[in-house]
Structures are given as structure tokens and as C-alpha cells.
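> Sequence and computational prediction follow.
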Amino acid sequence: MTRKAPKRGGDPADMLYTVSLDEFVSARNALAARLKRAGDFEGAARVRKLAKPTASVWAANQLARHETDTLGELLEAGAALRRDERRALRGEGADAFMQAAREERRLVGELVVRAERLLERSGHRSTSAIGRRIGQTLHAAAVGEGPAREALVEGRLDRDLEAASGFGDARGLRLVPAMPRRSKAAAEPRPSPASLRAAERARAKIEAAQRKTLARADRAVAGAERALEKAESDASTLEHKARAGAERAAFARSRAQAARDRLDKARRERDTIG
């Protein structure tokens, strides 16, 4: 099912998150000046304080405008992951937890690729570090709740996000959630040591798979970056040789023309004598 793009509020600063990275500062200053002329001094001061987003933050924000459906799937997968983690910690549904983690990881990877494409289309080269920060931000927002998640939905993140260890929300989820004091009759059963160990093993297995996948991706990106640098160096060398060759050819043509002129002069002088 196609999801509708999130409704933007009436905040004039929303438009700043739609412009390219290179235009952000000039657009921000122009908006602040316009608000000041209109008498909105408080709004102008607030806009003037908005920092230019990093490349990774800008790219993540664009997903809310260009990849609404897939971003919605990621947020749903993140909610499922939070739910299944809590069940796994109670000793229930470890398989469902692992499946939810794989699906969330797949969607993060897919969106990272799309965010990097948006960044490169805007004229900014992506790197493995930028891709990693985009992935961390998407994961943190997916498994988080509250302002961070809403900022991604609105495409108005102002910083990179980082999830707490494990798959809890961005504010952090302890391995054993703190339980309110209740009477013995109403108390929920505490996770058994065996279920906690099973959940920890599942978590460790997933995190190991993530590290392995990330390491492979980093190697692939590093190899591609080296290949690009070599290709650019080769192209630069060939362009330099081509320019040098063109200069030598031009010099040779000028010498040939000078020789031709001397020949014509010599022939004219000979004809005069004859």
C-alpha cells in the first residue's frame, strides 16, 4: 500500500530542509531576513540559529520526501523489533525477534543506498563513513520513540543519531526492564535466567552478523573508492599528456609555418634573380 507523505506543519523553516546542502546557508539567511522584515523577530532569531546539516543528516532527511513508502516500512519494522525484543526477553519468540532484526537491517541497508544516491545526485560524494552514519541514524530512529523518530518522519533531523546498545529505543532499553512495584498477585513473571541467556545469545548472533555485513560493505566501499581514485588519477594524467601533446603539436605547426614562410621567401628571391 502506498503511504502518503507526512503532512508538514506551517513552520516556514520546513523549506530549508528541502534545499540542497550548498543552498542551505543562503536560504536560511534569506528566510531569517524575510521574517525579520515581517516583524517576526523571534522566528528570525530561531531560524538564524539553525545549523547547516551534515551530509549524512541531509541525506537521511531527504528520505522523508523521496522514499516515503520504504521509510514507513522501516519504522514499522523498528516497532516490530521493539515488540519482539521484549517478548524474547521474557523467553518467548526468539525466532520472531531474529526475523524482525533481519528485516529491519535489510530495510536500513536499502535506505542507506538510496540516501547515498540522493546525496550524490546533489553533487556531494558519499563515503563509507557517511553511509555508516546514515545507517546508524536510520536504525536509531526506527527502534526509537518520540522526538528522534518524529524528526525523521518530518525530514527535519538536525544531527546524526545513535541507538543505545542492543535494539532498545533511542533513550536506551535495559536488558531487564524496570518493573513497577505491584502486589504478588498482580506481579508479572520475571524472565528466567535461561530465557535471558537465550535472548542474549540471539542478540549476540545478530550483532555479530551486523558487524560482519558492515565489514564486508566497508571493504567493498573502500575498494570502490580506491578504484575511483586510480581512475581519476589516470584520467588526470592522460588529460595532462593530451594537453602537453597538443602544445607540442601547436609548436610543431608554428615551426612548419615558419619554414613554409622561409621557403616562400627564398622562392620569391630566386624568381627575382632569374
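Nice, thanks for sending it over.
> For the lowest-mean-pLDDT helix or strand in the chain, what is the distance to the chain centroid?
Scoring the helices and strands of the chain by mean pLDDT, DSSP states H and E places helix 193-273 at the bottom, with a mean of 76. Taking CA atoms, centre = their mean, to the nearest Å, one finds helix 193-273 lying 26 Å from the centre of the chain it belongs to.
> just stretch 101-119 next, same as before
Stretch 101-119 sits 9 Å away from the centroid of its parent chain (CA atoms, centre = their mean).
> And Arg28, what's its pLDDT?
Arg28 is assigned 92 on the pLDDT scale.
> State the phi and psi torsions of it.
Per-residue torsions, Arg28: phi -60, psi -50 (degrees, to the nearest 10).
> about what we covered before: helices or strands up against the least confident helix or strand of the chain?
If you count contacts as 3 or more CB pairs under 8 Å, 6 or more residues apart in numbering; DSSP states H and E, helix 193-273 packs onto helix 68-89, helix 94-121, helix 128-143. Using the backbone N, CA and C atoms, a C-beta is placed for each residue, glycine as well.
> quick one, which of the ones you listed is nearest to Ala220?
helix 128-143 (8.9 Å; CB to CB).
> I'd like to check the angle between that closest one and helix 94-121, please.
130 degrees (axes from the mean of the first three to the mean of the last three CA atoms, to 10 degrees).
> For the next helix or strand after helix 128-143, output the C-alpha coordinates as PDB.
Per DSSP states H and E, the first helix or strand lying C-terminal to helix 128-143 is helix 147-154. The C-alpha coordinates for helix 147-154 follow below in PDB (Å, rounded to 0.1, in the frame of the first residue of the first chain):
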ATOM      1  CA  PRO A 147      11.300  13.300  19.000                       C
ATOM      2  CA  ALA A 148      14.000  11.400  17.100                       C
ATOM      3  CA  ARG A 149      11.500   9.200  15.300                       C
ATOM      4  CA  GLU A 150       9.200  12.100  14.500                       C
ATOM      5  CA  ALA A 151      12.100  14.300  13.300                       C
ATOM      6  CA  LEU A 152      13.000  11.600  10.700                       C
ATOM      7  CA  VAL A 153       9.400  11.300   9.600                       C
ATOM      8  CA  GLU A 154       9.200  15.000   9.200                       C
END
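> which non-adjacent residue is nearest Leu81?
Ala100 (4.4 Å; CB to CB, 6 or more residues apart in numbering).
> Next up, the contacts around the one you found.
Taking CB atoms under 8 Å, 6 or more residues apart in numbering as the criterion, Ala100 is in contact with Ala77, Ala80, Leu81, Arg83, Asp84, Glu85.
> With that, I have no additional questions.
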